[in-house]
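Q: Dropping a prediction and its sequence here:
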Amino acid sequence: MNSNEIDIHKELKKYFGFGQFKGLQEQVVKSIITQNNTFVIMPTGGGKSLCYQLPALIKDGTAIVVSPLIALMKNQVDAIRSLSSENGIAHVLNSSLTKTEIAQVKKDIVSGITKLLYVAPESLTKEEYIQFLRSVPLSFVAIDEAHCISEWGHDFRPEYRNLRTIIKQLGDIPVIGLTATATPKVQEDILKNLDMVNANTFKASFNRPNLFYEVRTKTKNIESDIIRFIKQHKGKSGIIYCLSRKKVEEIAQVLQVNGISAVPYHAGLDAKTRAKHQDMFLMEDVDVVVATIAFGMGIDKPDVRFVIHHDIPKSLESYYQETGRAGRDGGEGHCLAYYSYKDVEKLEKFMSGKPVAEQEIGFALLQEVVAYAETSMSRRKFLLHYFGEEFDSETGEGADMDDNVRNPKKKVEAKDQVVK
Ligand code: ADP
Ligand code: MG
């Protein structure tokens with residue numbers, strides 16, 4: 001198909017029912033359609049899936065989509081199938097399939113019905129699959145959550161490291177990397193690892209102007225402070241992140257005793273309880289979920305009004321992801337983190353059992369969190385700078401939405417007076 005002849009707006013409407021592209025989508029879609037290696041950095045919710053789904057639907061051949069989580073793959077396949085009358089338009093290839101199911105997938109690919117084939121990276125290492133995929137027309141390979149390649153990312157997966165070698169065996173096809181991780185270090189890692197330093201790169205802004213950032217010193221009164229905060233946001237939905245399961249249980253109980261409807265969520269609870277608590281939060285049977293970082297992956301509740309960090313996060317990456325669950329609808333989102341240096345030491349101790357290389361990375365990431373917590377400059381500027389983005393703390397969108405800007409520290413005021 002000649003890419004110049006394709007009206008991508010028409011295709012967008014036809015497949016997805018959307019009248020317009022979001023942000024950089026249009027440029028990305030064009031880059032992929034014209035066979036370029038492409039690198040996409042967009043915050044969560046930015047609309048990365050469509051960037052490769054639309055070209056896959058338009059182009060000849062099957063697109064391979066590498067994704068780390070089976071649950072996410074299933075969701076996407078179901079979503080694509082709902083856009084079409086052809087069930088075979090999208091498939092998952094993984095170890096859970098029976099022989100008959102695998103045969104069906106292969107048949108659909110060979111007959112050209114399948115436009116998107118989702119695979120876990122470990123499945124892609126299977127010689128049998130590589131042999132098969134070499135023999136069929138492929139449009140491109142999309143690597144979703146591409147930060148899994150980097151040890152500097154928050155979700156390193158060793159299997160992702162082999163992807164380039166495998167892709168090379170599949171033939172000379174374009175590679176698309178997509179991630180919501182914006183640190184320059186991770187980006188460099190991804191591009192090097194995928195051997196695509198010259199890829200067309202598209203990076204969206206990570207600024208979330210409707211989020212208010214605040215850091216409070218953690219004291220003995222933290223529990224009553226949190227209770228007061230929640231009571232000031234009566235009836236609003238919020239998430240409280242804690243480092244340990246024990247703390248999650250403790251805080252959930254304290255809140256309940258104080259008349260706040262809250263449930264705990266962590267990996268130590270059985271699957272049924274976790275699902276129940278998550279649903280209660282989504283259905284607004286409770287206002288607050290107290291959770292470890294196990295909570296939140298793929299949670300799409302638009303009106304979360306606050307995210308509280310009872311303990312500091314491991315990295316600014318994680319902080320950005322976790323606070324990013326607030327204010328998805330564009331409305332208010334208060335991000336409050338409690339900070340004490342004792343917690344930093346606790347986290348360091350936590351990490352000291354790990355391999356040295358991992359420890360070093362962990363310490364470096366943690367130091368950035370400390371710097372963020374202790375800074376007296378615009379927190380938004382600090383965060384965005386960490387993501388390689390310049391932010392004008394006077395005129396930028398959301399410039400006054402943090403504690404430091406609203407209430408400049410005394411130190412700064414004193415200096416200002418000296419200047420006068
Ligand atoms: P990401 O992978 O970047 O986190 P998703 O691909 O899951 O984001 O998309 C987030 C949401 O945005 C989805 O609900 C999707 O349907 C919606 N979306 C994507 N593109 C558009 C568009 N052009 N117009 C309207 N909604 C869109
Ligand atoms: Mg995504």
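A: Received, thanks. Ligands and ions are numbered 1, 2, ... in the order given.
Q: which stretches of the stretch 301-420 of the chain aren't confidently modelled?
A: Low-confidence segments of the stretch 301-420 of the chain, defined by pLDDT under 70: 410-420.
Q: Show me where it has its helices.
A: Counting by DSSP state H, counting those that start in this stretch, the stretch 301-420 of the chain has helices at residues 316-323, 341-351, 356-374, 379-386, 403-406, 410-419.
Q: And the stretch 151-300 of the chain, by the same measure?
A: Taking DSSP H, counting those that start in this stretch to define them, one finds helices in the stretch 151-300 of the chain at 163-170, 184-193, 222-232, 245-257, 271-282.
Q: circling back: turn the helices of the stretch 301-420 of the chain into TSV, columns for distance to L255.
A: The way it works is simple: take the backbone N, C-alpha and C, and place the C-beta from them, glycine included. Output for the helices of the stretch 301-420 of the chain, formatted as TSV (distance: least, CB to CB, whole Å):
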stretch	distance to L255
helix 316-323	19
helix 341-351	20
helix 356-374	24
helix 379-386	26
helix 403-406	23
helix 410-419	33
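Q: closest one to S85 among those helices?
A: Judged by CB to CB, the one of the helices of the stretch 301-420 of the chain that comes nearest to S85 is helix 316-323, at 36.5 Å.
Q: for that closest one, packing partners?
A: Helix 316-323 sits against strand 304-309, strand 333-339, helix 356-374, helix 379-386, with contacts defined as 3 or more CB pairs under 8 Å, 6 or more residues apart in numbering; DSSP states H and E.
Q: So what touches the longest one?
A: The contact list for helix 356-374, computed with CB atoms under 8 Å, 6 or more residues apart in numbering, reads 151-152, 215, 312-317, 319, 337, 339, 341, 344, 347-348, 351-352, 354, 379, 382-383, 386.
Q: Selecting buried members of those in ChimeraX, what would you type?
A: The buried subset of the contacts of helix 356-374, as determined by 16 or more other CB atoms under 10 Å, is captured in ChimeraX by this line:
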select :152,215,312,313,314,315,316,317,319,337,339,344,347,351,379,382,383,386
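Q: Tell me how many other residues crowd the nearest residue to S393 once chain neighbours are set aside.
A: In space, and not counting its chain neighbours, S393 is closest to S378: 3.8 Å by CB to CB, 6 or more residues apart in numbering. Using other CB atoms under 10 Å, S378 is surrounded by 24 other residues.
Q: try S96
A: By the criterion of other CB under 10 Å, S96 has 11 neighbours.
Q: now do I109
A: Per other CB under 10 Å, the neighbour tally for I109 reads 23.
Q: can you check S150 too?
A: Using other CB under 10 Å: S150 sits among 25 other residues.
Q: re earlier: to ligand 1, which of the helices of the stretch 301-420 of the chain lies closest?
A: Among these, helix 316-323 comes nearest to ligand 1, with 10.6 Å by CB to the nearest ligand atom.
Q: one step back: make JSON lines from the helices of the stretch 151-300 of the chain and add mean pLDDT and mean neighbour count to it.
A: Converted to JSON lines, the helices of the stretch 151-300 of the chain look like this (pLDDT from 0 to 100; neighbours: other CB atoms under 10 Å):
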{"stretch": "helix 163-170", "mean pLDDT": "95", "mean neighbour count": "17"}
{"stretch": "helix 184-193", "mean pLDDT": "94", "mean neighbour count": "18"}
{"stretch": "helix 222-232", "mean pLDDT": "98", "mean neighbour count": "16"}
{"stretch": "helix 245-257", "mean pLDDT": "98", "mean neighbour count": "18"}
{"stretch": "helix 271-282", "mean pLDDT": "94", "mean neighbour count": "15"}
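Q: can the ones you listed go into JSON lines with extra columns for distance to ligand 1?
A: What follows is those, written out as JSON lines (distance: least, CB to the nearest ligand atom, whole Å):
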{"stretch": "helix 163-170", "distance to ligand 1": "19"}
{"stretch": "helix 184-193", "distance to ligand 1": "16"}
{"stretch": "helix 222-232", "distance to ligand 1": "28"}
{"stretch": "helix 245-257", "distance to ligand 1": "26"}
{"stretch": "helix 271-282", "distance to ligand 1": "15"}
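Q: I'd like the helices of the stretch 301-420 of the chain laid out as TSV, including distance to ligand 1.
A: Below are the helices of the stretch 301-420 of the chain laid out as TSV (distance: least, CB to the nearest ligand atom, whole Å):
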stretch	distance to ligand 1
helix 316-323	11
helix 341-351	27
helix 356-374	22
helix 379-386	18
helix 403-406	28
helix 410-419	37
